[in-house]
Every structure is written in C-alpha cells, then in structure tokens.
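Fold the following.
(4 chains)
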4 protein chains.
Amino acid sequence: MGNKLFFASDYMEGAHPLILQRLMETNLLKTAGYGLDEYSASAKEKIRQACGTPDADIFFLAGGTQTNATVIDALLRSYQGVIAADTGHISGHEAGAIEFGGHKVLTIPHHDGKLSAADVRAYIDRYWADGNHEHMVMPGMVYLSQPTEYGTLYSLEELSEISAVCRERKIPLYLDGARLAYALACPENDVTLPDLGKLCDVFYIGGTKCGALFGEAVVIPQHDYIPHFFSIIKQHGALLAKGRIAGIQFETLFTDGLYFEIGKTAMEAADRIRKALIEKGYTLAIQSPTNQIFITLEDEAAAALSEKVEMSFWEKPDAHHTVFRIATSWATGREEADALTALL
Amino acid sequence: MGNKLFFASDYMEGAHPLILQRLMETNLLKTAGYGLDEYSASAKEKIRQACGTPDADIFFLAGGTQTNATVIDALLRSYQGVIAADTGHISGHEAGAIEFGGHKVLTIPHHDGKLSAADVRAYIDRYWADGNHEHMVMPGMVYLSQPTEYGTLYSLEELSEISAVCRERKIPLYLDGARLAYALACPENDVTLPDLGKLCDVFYIGGTKCGALFGEAVVIPQHDYIPHFFSIIKQHGALLAKGRIAGIQFETLFTDGLYFEIGKTAMEAADRIRKALIEKGYTLAIQSPTNQIFITLEDEAAAALSEKVEMSFWEKPDAHHTVFRIATSWATGREEADALTALL
Amino acid sequence: MGNKLFFASDYMEGAHPLILQRLMETNLLKTAGYGLDEYSASAKEKIRQACGTPDADIFFLAGGTQTNATVIDALLRSYQGVIAADTGHISGHEAGAIEFGGHKVLTIPHHDGKLSAADVRAYIDRYWADGNHEHMVMPGMVYLSQPTEYGTLYSLEELSEISAVCRERKIPLYLDGARLAYALACPENDVTLPDLGKLCDVFYIGGTKCGALFGEAVVIPQHDYIPHFFSIIKQHGALLAKGRIAGIQFETLFTDGLYFEIGKTAMEAADRIRKALIEKGYTLAIQSPTNQIFITLEDEAAAALSEKVEMSFWEKPDAHHTVFRIATSWATGREEADALTALL
Amino acid sequence: MGNKLFFASDYMEGAHPLILQRLMETNLLKTAGYGLDEYSASAKEKIRQACGTPDADIFFLAGGTQTNATVIDALLRSYQGVIAADTGHISGHEAGAIEFGGHKVLTIPHHDGKLSAADVRAYIDRYWADGNHEHMVMPGMVYLSQPTEYGTLYSLEELSEISAVCRERKIPLYLDGARLAYALACPENDVTLPDLGKLCDVFYIGGTKCGALFGEAVVIPQHDYIPHFFSIIKQHGALLAKGRIAGIQFETLFTDGLYFEIGKTAMEAADRIRKALIEKGYTLAIQSPTNQIFITLEDEAAAALSEKVEMSFWEKPDAHHTVFRIATSWATGREEADALTALL
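Numbers count the residues shown, from 1 in each chain, chains lettered A, B, ... in the order given. Alright, predicted model coming up:
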C-alpha cells in the first residue's frame, strides 16, 4: 500500500479504537443471542435517550442495503412502492434489493440529491387523481437519506415539510442515515436526533460508515409501529446470531458522545480539504457540505493524482473528465488531510 | 448473570481471542471495501488450500440464514425448489427466508436429521415420473447440513452417495456448514474439507458459531459456477461494506489450524458432558456425536436444573417432558464442563 | 377421438350452452372494461343474494391457481404463511405459485383430504408456544377447499369448527370452491352458500370446472375487507380487460339456478357410475361423494380400460396398481354414464 | 347506454362473430385441458406458418400484463432487470407486476413512445462501463411494444437496429403485441410477422384487444429457448384449464386472414376520424398512425363532447386541458365513425 493516501471512502478502516477495546473487554462474557443481551439493551436505551424517543423499538442490522430492504418491505403492502429521489441509494445502487422484495422504487427528480416536499405531494396527489391509478403502483412511503448520496443535507424546515406531507397523506417517512454522524457534525446542519425522532416514522443511525466494524441501528419511535419486525428481519436473513456484537458497538458509539466526536473529526478534515480545493481553483461537481467531496478532474490530471491518492470513481460527465469522490472519516488525521492538500 | 452456567448455544461469546487480536493489529490500515482487500484475498487463498480447491470462488457473508437464502436463490431458477430434510434449518427455522426469495422447500422425512441418497433419488424420480409434474415444483437442488440440525453427521459414504445422485440427476448439491468446525473435529467424522470440495457444488464454512464475531465463507469449488454472485449477494442485502472484517476473521481461523482447534476444544467438553449424562442415566433425545447434546428432562427436574444452567429449549415431546439442547463451543473450558456434570 | 369415452376431467368441454347463448346475445354491446360493466354488476348482485351477503365485494378472475395466489397474497403479510392440508391444491399442484408470492404453505396431514379444526388449532398454538417461534413462519390464514382434492366434503359442523378456530385465533379463513357446484349438489352436503358467506372471510365460486369457459368469482362477505384488491389483482396479472366476459358467464350461472342444475347433472352421472363400480367389486381408492371418483386398477386391467375410456392418472400406490380419476360434469349425459358402466 | 357513442377502448365488445360461432360449433366436443388439445395444436401451426417460424414454441395466455410478467420472469435471472421506454406499459400501468416478480424495470426516455437502438446500446454499455456496476441492476433484456403505448410504430429499420444491439450484447428482445393487429394493418407499417419471427427472441400476438374474448399468443421462434415455460406459466397462475378456448380463438383469428381483416376495419375507421379531426382543427396530442387517437381538448369542450361520446382519459397536460384517447376496433362501423365526426 506504500505511501499512497487513501480517501476512497469512509469504510476503509476497521472500527474506532474504543469500539475494539470494548469488544475485547466483553469478549468472554456469555449472553443470549439475537440481540436479546444486556449490551444491546443498554445500547438501545442510550439511543432512545439521544433521540428523545423513550418508547422507541430499536433493532441492529448489519448493513445499509439490508436495512433499507428490510424496513421498506416491512412498511409497504405488496401493491405499494417507495418514493425516492432518482439519485437515492435504493434507486440505483442496491442491485435491485427493493425489487427483490417485490416493490417498485418510484423515482422523483432530485434537487441537489434531495426530494422536495412539493414534489412528493404532487407525486402522491397525481397518483390519486389519475383516472387509471388502480393500474399503477400506489406510493406507500417516502425514502430519503441524510446526508444524501450527494453529501447534501435536508434543513429542518425541508424535512419538516416532507414529514408534514407524509402525515397528511398518511404514509410513513423513512430516513436512511448511513452517514448520519457526518450530517450531525456538519456546521450547516440544523437537524438533530430528536428532530428525526419526531419527524420520521422509521430511521436508521449508520454504524458501518461511521466508525463501527459494521452495524446500523433502526429506530422506530412509536412502539410496535411495525409488528413482528423481529421475524421480518429473520426472514430477510438480517438477524445477527451474535447480536451483542452490534449492540456493544452502538453502546460505545452512544457513550460520552463518541458518535458526534467521530463526525466532527471527519468534518474538520473534509473542511480543510474543501477549502484547499476551492483556493486552488478545483471544480467541485457537487456542493456537498459533509464528509464527501466530489471533484471534477481532467482525465490527465486525474491519472496523475490517482497515482498518489486513492479516490473513488463517481461518474464520467463527458469524454475528457471524470468526477471523483474524496471521503474522510473518523480516522482521517490532520496530517493526512494536509498531505492531500499538499498534492493538489 | 451470577453463578449460572451457560450452555444455551455456541454463539454466546464474542470471538476467539486470536481473531480479536488480529482485528486490533490491522485496525488502522486502509483497504478497499466489499471484500476486495488483501486480507480477504489471503483468507480465500488459505481456504482454497484447506479445501484442495485451487480454482474456488469464495465469498464472505454475515450469517447462516442469509447465506442459505442467497446461495439457494442463486442456484435455482424461479420455478425450482430445494430438497431438504423436514428438520433442515431452511425448512423450519429461517422464518420463510427461502420462500421470500420465491422458492419452495421440498421436504423429505429425515433419518436422524439426515437425508438419504435413496430418498433423494426417489423424490426426484417421482417428480419426473408423475403425469402432472409440470404442475408441481421441480426439484432444482439438494440442501443438507453437516452437522445436521440434530448434531448428526453424514459419513463420507452417505455424502458420496447423495453427491452421486445429484450429479446423475444434474442438480447441484449445497452443504450448510454453520457448525462445520464441530463436525471436522468429531472423532466419528470421516468427511474432510477436500471431500466437501469434491462432492459439493457449493458449501459454506461457518464462522459465527465456530469462533468468529460473525461470518460464513461460501466456497464454490468450480470457478464461475455462479456468474455474477457478487451482484446476487448485493441484491440480497448481504454484501459487507467492510468486507475485510470477515476476511481477517477467516484468515485467522485458517492460520495454524485454528478452525480445527476450536472444534476440538468444543468436542472435548461435549464428550465429557455426554459421558457423564449417560453414566447418570439421563435420556439423550437424539444421538448427536458433535457439540450439541439433546436431553429429555421431566419438567420438574428441568425447572431445577434451569436455575443453575442456561440451556436451550428444543421441543416438548409430551405434556410432562421437555427436550433441552446443551451446546459447547471453543470457549467451553474443562472447569465449566466439570461444573455442569457436578450438577447433574 | 373416435368412440372413446371421456371422463378425464370436468373441464373437457366448452361452456354450458346457456352461457354461450348469452355471450352471443350480448356480443356487440359496448361496455366499460375491467369488470366495471353492467353485466358484471348484475352478476355480483345475484351472487350476493345467493350467498346472503348484501355487502360483499366480488371480483371475477380467470382461473383457480391465479385466484388462490392472488387472494393468499392479499390476505397475508410478508412474514406469514398459509395453513393447508398436505394434499391441498396449493401444497402440491400449483407449481409453487404461493411461494412465488413469497409465502410458505404450512402443511398439516389431511384426513380424507380435509383439515380438522383440532389440527388447525394445535398448529397455531404450537407456533405461538414454541420458544423459537419468531424464527418460524407465522400461520396467517387457513386455506381449504370444498370439495377437497379428494372430492370429499366438509360438513357444516366441521367447517363451523374451523371457522371458530380462525376467529378465535384472529386469522382469515379462505375456501377454494373450484368445484363448488358439485359440493352444493351432493346429497351428502349440508353446507350452503349462505353458510360460506357466514363462515369464511373469503371464498371463491368456481366457474371453469363448473360449466363456464373460464372464471372464478371471489366473494369477500365484508365490504373493504381487502383494501385495494383491484390493484392487487392487476399486479398479479389477473385483471381481465374484457371483464364482462366473466361477468356474463356468472350472471348466467346464477340465473334460474343454473349453477345448482349443473352440479345436479354431474352428481347424477357420478352416482350411477359409483354404484356400478361398487356392485362390480371395484376398489375405490378414496371415498369421494362428489363428481370425482378414484378407482384402483391392476395395471393390466387399466391398460385395457384406458383404450376405451379416457381417465386421469392420479397416482401409483405400488408397482402393479394405478389409481385413476373419473370425473363427470354438467355435460355428462345418462347415456355416457351407462356406456361407461357397460364397459366395467 | 342510450345514444352515446363508444370510443373508449378496443376492448368494449365481445369477440369477432366468427370466433363465437366457432366456439359454438366446438362446444360439446371433449378435449384434453391445459392447451394440449387439437384446436390449440392447429392454432399453433397456423401461427407458425404466418410467422415463418416452423420450430416456434407457442403458448396461449389470458391477458397482457400476465403475459408480460410471465415472459419477463422467464427470460431474466433474479439479478437482472428489463429495459423499457419510460412510457412502456410495464413501466407505469401494470401495478408493479414486474417488480412483484422481483425485477426492476430499467427505464429509458422515449421518443414518440419508442426506444431508440442508440439509447439501448448506450444504456447497456454505460452499465458495464460503470465502476460500480456490480452494485446496480444488470440489464438482462429489452421490452418494447408494437404499436407502442402512444400508438406509434417501429419501422423495420428501427426494429432491426434494436434487435442487432440485443444480439451483439447477448440479451433477448421481447415485443409486446397487445394491439399487433392494428400495427400490421396500418398503411405506414413495414414490419411483418415473419420480421418479428426473425428479429425477436419472444413476442406475443394480442388477442384481447384484437377481436378475441381474451387471449395472447406467445411466440418463441427458437424451440426450447425457454425451458419449462409450461411450469413457469402455471406458477404465474397463467395456465388456462380449458386451454382450448384460447386455442379455438387463435385458430379462427389465423384462418383466412381474419387477424389482418380485423386490423383493417379498425384502421379504416381510425383514419376517417383522424382526417376529420385534422380538418376541423383539433390538436392531436400524439402523432399516432394506428387505431388509437389522442386529442387535447379544453376542459369545457371536453365536458360537452363527453356527454355524447365515451372516450378514455389519458392525462392532464395543464390545468385547463385534458388529453383523451379515442380507440377504434374490429367492431367500429363506418356509421359509427361518421356519427363521431359529425359531432366534432
């Protein structure tokens, strides 16, 4: 791996050291399986407090696509689909996991990676107003992510508006928080965990991309909102036999504010890099305020930089340019960020 | 948790200490995601060598039900079902995960938890001979587990016969090795990893119940036997973003024979307990030679023992008796086994 | 087709002549599609009256397997399965249509083709009592057919008991009436359409095997018991563009008691044949009182008879015998029945 | 129904009188079920000859959505999706039937309702070139319809180009011919049945909207291209017990050129109406040369016309206008067309 700098993603390392340490400490203690252990119970309680949702049902799953597929299948009836931005993770990058569960992803054009409340309302109303709507897929829920695939953020106002549309139209709002730590730590952000607890019907707090070995915490603010979710998780192959391993990780992430700390470290590094890029005249393909930075490079320049820095291919906007993603994480030190900016 | 003894399952602890140590050592190194890292590559190579399958495709998934659902869906066409013992894990204890993927589990009565080659052949031939077979579900593969749900073992002869039936009838044989370490370490066992590599079309080497935090290694002896399996894994929500975490664990399990060591420790403890049970006149509900022991207790005696020992409910054969499962693992020390036998 | 006698099934002819005549009369009139026409409305009203279910929702589908798959998918949540006799049509002869919709068929051993209320209750209670039930498929409804695959009938008492179990346990009861006309016309029968309207949550009145070109009438006694069933039908590919063709057929079948007449004709022929078989010492493999007769023949005798009579293969109980099915229909005249008995 | 004129669809009547007559003639003859009868055999042979595909496998299903869902599920592997125009019937108007089978519809913006070969090639190539394609749904086939949802036609050149792309990229081309009779009879059309036999891997000849009571004939030019399609049809609930009813209808449609005759009658009426609309200055929303005509009306004018003519709602392009569809069929006489034009 030599002297290369690694900025391809936020899941290139293991776990935050405090997590590994805690796994060591608890390793030989024996507990019940399937998340029915005391560490998981404690983690759930800490998350309930952080979200201001004392009655919430909480479940730990292994990864994001799995969580999306399981929650969406649990929330929809067989004849319903899920509204998402056309750039949403479930729309394009889950290899058909939602359709595998029998549901259509009903896409709406995005605005900087986001859905707008007006578009969501219009979509739902157009469905019901269409003379042929019984021949069409009924919109049964709304999916969004915070931050979005583009690293952008919903403001509290935007999220509140979408939530209001969902409640007026009586369909659940589900928020994918795969990178939620980076939203929460972003200076621009004004949406807190308790806001999510109030505005969403289900959301998940991402662990895999936010410092855990793996794991996502599904939060369902209203108790028993999804009956038999345990069996649904099992049916989707998403039930962890050693559920405690996820529980211990989330217990650690929600002790002494570690989850927020992790986000802050990543954001500081990202902001240093972003500032340098702008100063040096780079083109940012997307205006992302979080830990993902998207730069457009001429292919020649890209080849040169790629020899020294591992970045992630994003897309080819034309024959001579490529967009790359640079991501920071809890593990991105100031030196690393500086080493990168020195190369620019 | 007090002074209770814990024998409920083989997934009550964290991971074998060598695995945790290795996760610590590698924690800060940065690698590619999705199993494309060097640790996963090394783990795969070690498994290929252990199985005598130099061309094998190997993938790491998180858990058993997930692995079964993903492999079975990959091997079957939409109109085919999977033959399994009526006691098979996929038949009763995966909450319908196989049917969720659209496939019927075609059950055959078991013999001590096992399928017989004769029954499998008869089932397949009866299908094709039935005048109405085009209205029935075509048997498209055979599923078995080693050890079985009952802890019993296929002999090399039995497995060879089933494999021969599958090849004659041109359908794949898939073996679920969730507890394979305990089969491999069992004195009665005569089936090696290279035997599995020869006789099966796909099998998996269990990690979750054999010393890992989580993880199952799918081995496909013939390269490209399942095209696009990576996408199939993703579609099933089973792709690990930090694939290396599974890779590092399997690399450790297949270094210096740790996987075999783990099985041996569990088997020694199980054999001590089994011997004591027999000497003291207990009724073994199932003759299992591996790390799971099934005892039938009068409900009164069961209540007393349950206060001191955590066991696993298995079934109620009648109104006054209950069958419990006692399981040992890599972490079951001699003292613990002795403490249990002292209570009997 | 020469001089052969045809008794292979009850779907060997076209439709009852009155149905064809009515299709002729109405052929050039223009109506709305998708079952929203006045003939369908009139047919529904006649069926509501016949069933004593003034609020019933009624839908016309094309065939039995389609109807079963659509209704079962509509009644179950994704994690639930359907209880059926192991001999039920959905268990073995629908090529996996129920599993294609993601649901497991939970089979219970039959008694003369029937489920018993006690077995159903025990199955449901065993599920909820099992310590591992959250890892198993939840029984979500009960499927039975009247007459059964074996041509046998539920008595009113038996059906009432099963219905009571379903209501106590809060799961729907669904009855497949593919051959309902033959049950209703059977002297042994004491279950009427209004009984079905009271005891079942959904049932269907078979047309295809009871004198129509095709078509099954789904009756849902309680209005809006299945919301959005129209869309569910469409999603299952089961919505007829020219819905009137089914409507006109059912309107005819429920005018002047034609549906009951059809059953009576078939029953008279079946009873003549059955009586002759018994007198001549034939072995009836199953004691069916309806329009299907199952006889066990030595293979040599079978070959001889098959040259003159088209029967339906049922099963091979041993190496030297075969069970055949003889079926009568609305189109089986007395001469035909006598011609058959003359050959015996 | 008074004096209203009916132009809402091409499935408002029963069947062409010759079909009903033939059903009458054959009604009492007894045949095998499930399409294994001699009428179906004869119909298949006539279709093989009309298509110039002597080895074709041919199956009769009941309706269009059902046929699309069954064929698409048969052609795709579980991880593949189907490319379609965003206006395609499967994209928006089948209530999620394709997703119910587990497959994503991969939409491409349409050109007058049509896909272009260049767009299809680009879509497929972009998938394979994308660095993340293993996380995306693999394009596994192409779906198009002739005529399209917009009533437009692929020219032989356009269709040949798309077919060439499919063969280069090794994915099947499937053509939905729900209204194929109207394409074949259209003066603009230069694509014949033998062209379809050469260029498509599977296509269907529509009956329901082209003069039959119901029924679609799936043509698979290459024998055994879809193994076990019979079971796949059964699993989809699409197998007709009285298969002969479909067989007899297609036998009649392909005797003495009736299928072409039906198209011609509808086209003559459509052309008269279209000419009158243009002369009177109406706005055609879509330039359709076949039996469907799309007119944009001011809402006030629409209300007035709707009192006298039954048309079909198509869409609302803005707050004050509505697009309606006028469709002709085999049953639209010259008087009816003239009566309509007199009202314009």
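
contacts and neighbour counts: CA atoms only from here.
OK.

Could you list the domains of chain A?
Chain A breaks down into these domains under automatic domain parsing: A:5-11+A:259-343, A:17-257.

which residue packs closest to A:Lys104, ignoring adjacent ones?
A:Gly81 (4.7 Å; C-alpha to C-alpha, 6 or more residues apart in numbering or on different chains).

wait, I meant A:Glu188
Leaving out its chain neighbours, the residue that sits closest to A:Glu188 by C-alpha to C-alpha, 6+ apart is A:Pro289, at 7.2 Å.

Wasn't the one you found part of a helix?
No. When classified by DSSP: H, G, I helix; E, B strand; the rest coil, A:Pro289 is found to be coil rather than part of a helix.

which ones are touching it?
Neighbour list for A:Pro289: A:Gly151, A:Thr152, A:Leu153, A:Cys186, A:Glu188 [criterion: C-alpha atoms under 8 Å, 6 or more residues apart in numbering or on different chains].

Against chain B, how distant is the last one?
Plainly put, A:Glu188 is 28 Å away from chain B if you go by C-alpha to the nearest C-alpha, to the nearest Å.

Against chain B, how distant is the residue of the stretch 1-150 of chain A found nearest chain C?
Nearest residue of the stretch 1-150 of chain A to chain C (C-alpha to the nearest C-alpha) works out as A:Glu134 at 5.2 Å. Computed as C-alpha to the nearest C-alpha, the A:Glu134 to chain B distance reads 25 Å.

Drop anything exposed from the contacts of A:Pro289.
Buried subset of the contacts of A:Pro289 (neighbour count, 16 or more other C-alpha atoms under 10 Å in any protein chain shown): A:Gly151, A:Thr152, A:Leu153, A:Cys186.

ok, which stretches of chain A are helices?
Per DSSP state H, chain A carries helices over the ranges A:17-26, A:38-51, A:64-75, A:89-92, A:97-100, A:117-129, A:156-169, A:180-184, A:193-199, A:229-235, A:243-253, A:258-279, A:299-308, A:334-343.

Is any residue of the third one near chain D?
Read it as helix A:64-75. No. Using C-alpha under 8 Å from any C-alpha of the partner chain, helix A:64-75 never reaches chain D; the gap is at least 10.3 Å.

so where's chain A shaky on pLDDT?
Residue ranges of chain A with pLDDT under 70: A:1-2.

A:Ala74: how many residues sit nearby?
The number of residues packed near A:Ala74 is 20, by other C-alpha atoms under 10 Å in any protein chain shown.

Please disregard the earlier target; I meant A:Ala303.
For A:Ala303, the count of nearby residues is 12 (other C-alpha under 10 Å).

Tell me how far A:Ser306 lies from D:Pro54.
The gap separating A:Ser306 from D:Pro54 is 57 Å, by C-alpha to C-alpha, to the nearest Å.

do the same with A:Glu94
The span separating A:Glu94 from D:Pro54 equals 42 Å under the rule C-alpha to C-alpha.

Equivalent analysis for A:Asp37, please.
A:Asp37 is 67 Å from D:Pro54, by C-alpha to C-alpha.

A:Lys242 too?
The value you get for A:Lys242 to D:Pro54, if C-alpha to C-alpha is used, is 60 Å.

so who does the residue of the stretch 1-150 of chain A closest to chain C touch?
Neighbours of A:Glu134 in contact, by C-alpha under 8 Å, 6+ apart: C:His228, C:Phe230, C:Ser231, D:Ala95.

cutoff 7 Å now
Contact analysis of A:Glu134 by C-alpha atoms under 7 Å, 6 or more residues apart in numbering or on different chains lists C:Phe230, C:Ser231.

And A:Gly131, by the same measure?
By C-alpha under 7 Å, 6+ apart, the neighbours of A:Gly131 are D:Phe313.

Next to chain B, which bits of the stretch 201-344 of chain A? Give me the list.
A:Leu213, A:Ser231, A:Lys234, A:Gln235, A:His236, A:Gly237, A:Ala238, A:Leu240, A:Ala241, A:Lys242, A:Ile245 (C-alpha under 7 Å from any C-alpha of the partner chain).

what about the last one, how many neighbours?
By other C-alpha under 10 Å, 30 other residues sit near A:Ile245.

same question, A:His228
13.

Within range of chain C, give me the residues from the stretch 101-250 of chain A.
When proximity is defined by C-alpha under 7 Å from any C-alpha, the stretch 101-250 of chain A lies next to chain C at A:Glu134, A:His135, A:Phe230, A:Ser231, A:Ile232, A:Lys234, A:Gln235.

Next up, the contacts around the third one.
It stands for A:Phe230. With contact set as C-alpha under 7 Å, 6+ apart, A:Phe230 has these partners: C:Glu134.

and the residue nearest to A:Tyr182 when sequence neighbours are not counted, how many residues sit next to it?
Excluding the flanking residues, the one nearest A:Tyr182 by C-alpha to C-alpha, 6+ apart is A:Gly263, at 4.6 Å. Neighbourhood size, A:Gly263 [other C-alpha under 10 Å]: 25.

same check, this time on A:Gly96
Neighbour tally, A:Gly96, other C-alpha under 10 Å: 36.

before we move on, what about A:Leu258?
Neighbour tally, A:Leu258, other C-alpha under 10 Å: 19.

where's it relative to chain C, distance?
Computed as C-alpha to the nearest C-alpha, the A:Leu258 to chain C distance reads 33 Å.

ditto for A:Leu297
As judged by C-alpha to the nearest C-alpha, A:Leu297 and chain C stand 46 Å apart.

Can you give me every residue that contacts A:Glu94?
Taking C-alpha under 7 Å, 6+ apart as the criterion, A:Glu94 is in contact with A:Thr65, B:Lys234, B:Gln235, D:His135, D:Met136.
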